[in-house]
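# Turn this into a structure:
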Amino acid sequence: MAPFNVAYARALAADRLSLGLMTPLARLPGAMADLELERSAAEHADRHGFAALWARDVPLMVPQGTDLESVALDDPFIWLSTLAAATKQVALGTAAAVLPLRHPLHLAKSALSLDRLSGGRFLLGVGSGDREAEFAAFGQNAALRGDAFRAGWSLLRAALSPEASERKAFLQATGGYDVATVPTRRIPMLVVGSARQTLQWIAANAEGWASYHRDEVRQQGRIELWRLAVSERAVGRHKPFVQSLHLDLVEEADAPASPIELGIRCGRHALVAYLARMEAMGVGHVLLHLARSPRPVLDIVDELGLDVLPSFHATPPPGAAVRNLSA
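A predicted model of the protein is given here:
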């Protein structure tokens with residue numbers, strides 16, 4: 001089997017917990033991201049040694065949940081290309097591209113292009129979508145998104161594969177025409193959320209599963225279910241559990257953790273303790289989604305990089321800054 005790209009080793013392959021950041025990092029209500037600020041934040045994250053920068057796929061500005069403000073985001077592939085140009089090592093991932101609303105051949109073209117242009121730093125996370133208004137606007141039936149996800153996955157996986165045996169069905173579907181030159185390395189594919197599939201299906205087909213923050217007892221149960229599914233459907237293969245975490249990091253280093261929607265509010269010491277517990281449970285990667293805060297986003301990224309990341313690195317990344325421990 002062909003090897004994975006460098007993004008896999010960066011974010012998903014390690015025995016230790018790795019950390020990523022959801023971008024844009026500064027959440028501006030109803031406004032597009034500040035490009036200069038976000039490029040600078042990406043550079044800081046890259047220099048500190050974060051494993052990945054992630055982007056969401058939100059085709060329409062539809063409010064969701066308790067957040068009554070519409071979400072204004074750039075196309076994730078174009079956005080991540082911008083971050084790729086500003087960084088050198090950090091992996092770049094979608095969390096998640098809405099597969100039922102994107103033709104798998106277009107999605108394959110975007111994934112292969114971004115992976116090539118970033119030097120193999122791309123991670124493809126896909127989901128089934130969670131805004132029903134988008135399905136109506138695209139002329140799709142939201143009730144059938146689970147079926148559409150599986151059909152799209154099969155063609156997408158074949159289009160991205162370096163393996164001739166896997167590519168056969170794809171080339172039959174296209175009349176023998178490819179979307180790009182055949183890749184030499186595999187792009188890791190993650191399922192984000194349930195995608196209306198069973199854990200057994202996800203374990204058999206994806207390189208990993210990304211889920212959401214829950215209280216620790218419930219999350220331990222989900223991890224155990226994931227491990228069972230992997231042991232049944234992917235014997236002997238490493239398939240990490242990825243978790244998102246909404247984070248309001250306060251300035252007081254000793255502030256205890258308290259719950260917020262899909263995450264926690266805390267100081268850095270409580271965050272390190274929480275992440276260590278997640279690592280012990282078997283979480284392979286935590287995707288930090290910074291809450292809106294009066295604190296400058298670069299200060300938050302630097303604090304995470306200097307005072308949190310070192311607890312989860314066997315060795316500091318090349319060129320990483322080191323905080324004076326007496327400070």
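# Would you confirm that residue 253 belongs to a strand?
No - with DSSP: H, G, I helix; E, B strand; the rest coil as the criterion, residue 253 is coil rather than part of a strand.
# Please work out how many residues are found near it.
Here the number of neighbours of residue 253 (other CB atoms under 10 Å) works out to 15. Yep, even glycine has a C-beta here, placed from its N, CA and C like the rest.
# cool, residue 170 as well?
23.
# Tell me who's in contact with it.
155, 158-159, 161 (CB atoms under 8 Å, 6 or more residues apart in numbering).
# Which secondary structure state is assigned to it?
helix.
# picking that back up, between the contacts of residue 170, which sits nearest residue 110?
Ranked by distance to residue 110 (CB to CB), the contacts of residue 170 are led by residue 159 at 11.0 Å.
# residues contacting the nearest residue to that closest one once chain neighbours are set aside?
Nearest non-adjacent residue to residue 159, counting by CB to CB, 6 or more residues apart in numbering: residue 108, 3.7 Å away. When contacts are counted by CB under 8 Å, 6+ apart, residue 108 touches 155-156, 159-160, 179-180.
# Spatially central residue in the protein, please.
residue 95 (4.2 Å; CA atoms, centre = their mean).
# Give me the contacts around the helix or strand containing that one.
Applying DSSP states H and E as the criterion places residue 95 in strand 91-98. Outside strand 91-98, the residues that touch it by CB under 8 Å, 6+ apart are 6-7, 10-11, 20, 22, 51-57, 59, 76-77, 80, 83-84, 107, 114, 118, 121-129, 134, 190-193, 210, 244, 287.
# if we go to 7 Å?
By CB atoms under 7 Å, 6 or more residues apart in numbering, the list of residues contacting strand 91-98 from outside reads 7, 10-11, 51-57, 59, 76, 80, 83-84, 107, 118, 121-127, 129, 192, 210, 287.
# list the buried ones in that strand?
Within strand 91-98, the residues that count as buried by 16 or more other CB atoms under 10 Å are 91-98.
# Run through the strands of the stretch 1-150 of the chain in chain order.
All strands of the stretch 1-150 of the chain, identified by DSSP state E, counting those that start in this stretch, fall at 18-23, 52-55, 91-98, 122-127.
# quick one on the thing from earlier: just want the angle from the strand holding residue 95 to strand 122-127.
20 degrees (axes from the mean of the first three to the mean of the last three CA atoms, to 10 degrees).
# is the closest residue to residue 244 other than its chain neighbours in a bridge, and if so with what?
Closest residue in space to residue 244, ignoring its immediate chain neighbours: residue 287 at 4.5 Å, by CB to CB, 6+ apart. Under DSSP bridges, the beta-bridge partners of residue 287 are residue 20, residue 244.
# how much space between residue 287 and residue 243?
Noted for residue 287: a distance of 7 Å to residue 243, by CB to CB, to the nearest Å.
# And residue 274, by the same measure?
The value you get for residue 274 to residue 243, if CB to CB is used, is 11 Å.
# So for these two, which sits in the more crowded spot?
Between residue 274 and residue 243, counting by other CB under 10 Å, residue 243 is the more crowded of the two (23 against 18).
# Kindly state the pLDDT recorded for the more buried one?
For residue 243, the pLDDT comes out at 98.
# How about the one 10 residues further on?
Listed pLDDT for residue 253 reads 98.
# got a list of what it touches?
267-269.
# Redo these as TSV? Include neighbour count and distance to residue 203.
As requested, these are arranged in TSV below (neighbours: other CB atoms under 10 Å; distance: CB to CB, whole Å):
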residue	neighbour count	distance to residue 203
267	18	36
268	21	34
269	16	35
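# These in helices, which ones?
268-269 (DSSP state H).
# and the longest helix seen in the chain, what does it pack onto?
Ranked by residue count and defined by DSSP H, the top helix of the chain is helix 216-233. Applying 3 or more CB pairs under 7 Å, 6 or more residues apart in numbering; DSSP states H and E, we find helix 216-233 packed against helix 199-205, helix 268-281.
# Rounded mean pLDDT for that helix, please.
Mean predicted confidence for helix 216-233 is 98.
# So what sits opposite residue 249 in the bridge?
Under the criterion used (DSSP bridges), residue 249 bridges to residue 266.
# Quick one: neighbours of it, just the number.
Neighbours of residue 249 using other CB under 10 Å come to 25.
# That one and residue 300 touch, don't they?
Yes - the pair residue 249 / residue 300 is scored as a contact, 5.5 Å apart, by CB atoms under 7 Å.
# just for the stretch 201-327 of the chain, where's the confidence low?
For the stretch 201-327 of the chain, the stretches flagged by pLDDT under 70 are 313-327.
# Repeat that for the stretch 51-200 of the chain.
65-70.
# now the helices for this protein?
6-11, 35-48, 76-86, 104-117, 132-137, 145-160, 164-173, 199-205, 216-233, 268-281, 297-307.
# and those helices as JSON lines, adding distance to residue 255?
As requested, the helices of the chain are exported to JSON lines (distance: least, CB to CB, whole Å):
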{"stretch": "helix 6-11", "distance to residue 255": "28"}
{"stretch": "helix 35-48", "distance to residue 255": "22"}
{"stretch": "helix 76-86", "distance to residue 255": "30"}
{"stretch": "helix 104-117", "distance to residue 255": "38"}
{"stretch": "helix 132-137", "distance to residue 255": "38"}
{"stretch": "helix 145-160", "distance to residue 255": "40"}
{"stretch": "helix 164-173", "distance to residue 255": "50"}
{"stretch": "helix 199-205", "distance to residue 255": "35"}
{"stretch": "helix 216-233", "distance to residue 255": "19"}
{"stretch": "helix 268-281", "distance to residue 255": "7"}
{"stretch": "helix 297-307", "distance to residue 255": "13"}
